[in-house]
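In: What follows is a predicted structure for the sequence shown.
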Amino acid sequence: MTAYQLIFAGSLAIIASYLFSEISKKTSIPSVLMLIGAGAILGQFYPIDTAAIAQPLEILGIVGLVMIVLEGALDLELTKEKIPLIKKSLGMAALGLIGSVLVIGYILHWVFDMPAMTAFLYATPLSVISSAIVIPSVDQLQTNKKEFLIYESCISDILGIMLFYFIIGLLHNPDPVQEVTNFSLKLLITIVISIITSFGLIFLFKFIKTKVKIFLFLAILMGLYAIEKSLHLSPLILILIFGLMLKNNQLIFRGALANKISKMELKLMEHNFHIITRETAFVLRTFFFLIFGMSMVLSSLLDLKALLISIAITALMFLVRWILLKIFGKGIGKPLLTVAPRGLITVLLFYSIPSDLISTAFPDSVILYVVIFTSLIMTYGLIKNQTKPSDTSLPEESLAETVG
């Protein structure tokens, strides 16, 4: 294709993605599913070399993930009233991840005769809730439900990535005690660096007078992300902390710090970041899932064994979620049970499995099946939730539904 044809194709992709987003608002069908479907259809007419696009797809996914987590963080307000909600979402994300990894890992170990730790490694991507799908899909929900799901999905992304690389470390390091110590130390270092860096970046905004500076800050964030990743830290924590500090600056910049930077400057910075991250995340998400759809080998979906395993994995994931929602989901309401899609981070982590740990017994179609099944289940839940007037007419304070 010529340069102009590529530009035209890219323009059509963004226009189509916008239309899919509008359809999604009306139907609750995730726009991501439509993008994957459109990509799969295009792939039949314009086949692409999977090996050639692996790295570009990974880069798109990483930058998109950063933008999506930052976008989500900029939507979250931290107040005393929200502490119980944050605790619930944290517990739900952590225990949901661990429970799903254990259940799925034992299935893969038993069915594909994988070593146990390798099976847990493969189970981790399948256990991570995708904030890339959740955040744009829950916009129509009530505030408390929306915030719970955004917190849960962002935390699930971060914990899932940390667990993924922790398991890789255990597989490569014969001394598990040393690996646990290294992991704990790196986590502590990441948190300290993230807090200091976030303070520094927000203060730096005051002193840069050029009109073009939001992309400068995004470049700094992405550079720091890459550096922390190369040092085997957890850079998504930096993105989350920066977004939370910027959104909730009134909690951070008070007392002696209140005079260092004006509320107007902070508000302007937050507003500009919100616009840029939302627009950038939209574009990156569009191309990632479209190219992912084009790279799929549809004939792999005819694998009956992979289909049955995917159904079992999906069912057990939601069983784990149902049990945990009995503890953490009371008082928040439906449709929390069904909103647990797998997506961008699942694909990214599978691309990141080291070559020496790749199992030829594991069918790649399981990934696609689980992404599709969990997205369809979320669609059903969101549509069903919309049809219940009682669920939208009650004020948030009076919500006392149990999750069923």
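Out: Done, it's in.

In: and stretch 240-252, C-alpha only, in PDB?
Out: The C-alpha coordinates for stretch 240-252 follow below in PDB (Å, rounded to 0.1, in the frame of the first residue of the first chain):
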ATOM      1  CA  LEU A 240      -1.500   5.400  38.700                       C
ATOM      2  CA  ILE A 241       0.000   7.500  41.500                       C
ATOM      3  CA  PHE A 242       0.700  10.400  39.100                       C
ATOM      4  CA  GLY A 243      -2.900  10.400  37.900                       C
ATOM      5  CA  LEU A 244      -4.400  10.100  41.400                       C
ATOM      6  CA  MET A 245      -2.100  12.900  42.800                       C
ATOM      7  CA  LEU A 246      -3.100  15.200  39.900                       C
ATOM      8  CA  LYS A 247      -6.800  14.500  40.200                       C
ATOM      9  CA  ASN A 248      -6.800  14.800  44.000                       C
ATOM     10  CA  ASN A 249      -4.300  17.600  44.300                       C
ATOM     11  CA  GLN A 250      -6.200  19.200  47.100                       C
ATOM     12  CA  LEU A 251      -5.200  16.400  49.400                       C
ATOM     13  CA  ILE A 252      -1.500  16.700  48.500                       C
END
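
In: That stretch: which residues count as buried?
Out: Along stretch 240-252, these residues count as buried under the neighbour rule (16 or more other CB atoms under 10 Å): 240, 241, 242, 243, 244, 245, 246, 247, 248, 249, 252. Heads up, the C-betas are built off the backbone N, CA and C, glycines and all.

In: can you check stretch 228-238 too?
Out: 228, 233, 234, 235, 236, 237, 238.

In: Provide a list of residues in contact with the last one.
Out: Residue 238 is in contact with 190, 193, 194, 197, 198, 221, 224, 225, 228, counting by CB atoms under 8 Å, 6 or more residues apart in numbering.

In: where's the fifth one, which helix or strand?
Out: What it means is residue 198. Here residue 198 sits within helix 176-207, counting by DSSP states H and E.

In: Identify the residues contacting stretch 271-291?
Out: By CB under 8 Å, 6+ apart, the list of residues contacting stretch 271-291 reads 10, 13-14, 17, 21, 32, 35-36, 38-39, 42, 48, 53, 56-57, 60-61, 63-64, 67-68, 70-71, 74, 132, 136, 214-215, 217-218, 243, 246, 343-344.

In: Now list the buried members of these.
Out: Buried among these (16+ other CB under 10 Å): 13, 17, 21, 32, 35-36, 38-39, 42, 57, 60-61, 63-64, 67-68, 70-71, 74, 132, 136, 214, 217-218, 243, 246, 343-344.

In: center of this structure, which residue is that?
Out: residue 131 (3.0 Å; CA atoms, centre = their mean).

In: pull the CA atoms of stretch 34-53 into PDB?
Out: Output of stretch 34-53 as PDB, limited to C-alpha atoms (Å, rounded to 0.1, in the frame of the first residue of the first chain):
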ATOM      1  CA  MET A  34     -16.500  -4.700  17.100                       C
ATOM      2  CA  LEU A  35     -12.900  -3.600  16.400                       C
ATOM      3  CA  ILE A  36     -11.600  -7.200  16.800                       C
ATOM      4  CA  GLY A  37     -14.500  -8.400  14.500                       C
ATOM      5  CA  ALA A  38     -13.700  -5.800  11.900                       C
ATOM      6  CA  GLY A  39     -10.000  -6.600  12.100                       C
ATOM      7  CA  ALA A  40     -10.800 -10.300  11.600                       C
ATOM      8  CA  ILE A  41     -12.900  -9.600   8.500                       C
ATOM      9  CA  LEU A  42     -10.200  -7.300   7.100                       C
ATOM     10  CA  GLY A  43      -7.600  -9.900   7.800                       C
ATOM     11  CA  GLN A  44      -9.300 -12.300   5.400                       C
ATOM     12  CA  PHE A  45      -8.800  -9.800   2.500                       C
ATOM     13  CA  TYR A  46      -5.500  -8.200   3.600                       C
ATOM     14  CA  PRO A  47      -3.500 -10.900   5.500                       C
ATOM     15  CA  ILE A  48      -0.600  -9.700   7.600                       C
ATOM     16  CA  ASP A  49       2.600 -11.300   8.800                       C
ATOM     17  CA  THR A  50       2.000 -12.000  12.500                       C
ATOM     18  CA  ALA A  51       5.800 -12.100  13.300                       C
ATOM     19  CA  ALA A  52       6.300  -8.800  11.500                       C
ATOM     20  CA  ILE A  53       3.600  -6.900  13.500                       C
END
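
In: Report the mean confidence score over it.
Out: The pLDDT scores in stretch 34-53 average 83.

In: Please point out which parts of whichever strand or helix holds residue 367 sit buried.
Out: Following DSSP H and E, one finds residue 367 within helix 365-386. Neighbour-count burial for helix 365-386, with 16+ other CB under 10 Å as criterion, is recorded at 365-379, 381-382, 385-386.

In: tell me which residues of the helix holding residue 198 are tucked away?
Out: 179, 183, 186, 190, 193-195, 197-199, 201-202, 205.

In: JSON lines for the residues you listed, including pLDDT and distance to residue 99?
Out: Formatted as JSON lines, the buried residues of helix 176-207 follow (pLDDT from 0 to 100; distance: CB to CB, whole Å):
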{"residue": "179", "pLDDT": "82", "distance to residue 99": "22"}
{"residue": "183", "pLDDT": "84", "distance to residue 99": "20"}
{"residue": "186", "pLDDT": "87", "distance to residue 99": "25"}
{"residue": "190", "pLDDT": "89", "distance to residue 99": "25"}
{"residue": "193", "pLDDT": "91", "distance to residue 99": "30"}
{"residue": "194", "pLDDT": "90", "distance to residue 99": "27"}
{"residue": "195", "pLDDT": "90", "distance to residue 99": "30"}
{"residue": "197", "pLDDT": "90", "distance to residue 99": "33"}
{"residue": "198", "pLDDT": "88", "distance to residue 99": "32"}
{"residue": "199", "pLDDT": "86", "distance to residue 99": "36"}
{"residue": "201", "pLDDT": "85", "distance to residue 99": "36"}
{"residue": "202", "pLDDT": "83", "distance to residue 99": "37"}
{"residue": "205", "pLDDT": "77", "distance to residue 99": "41"}
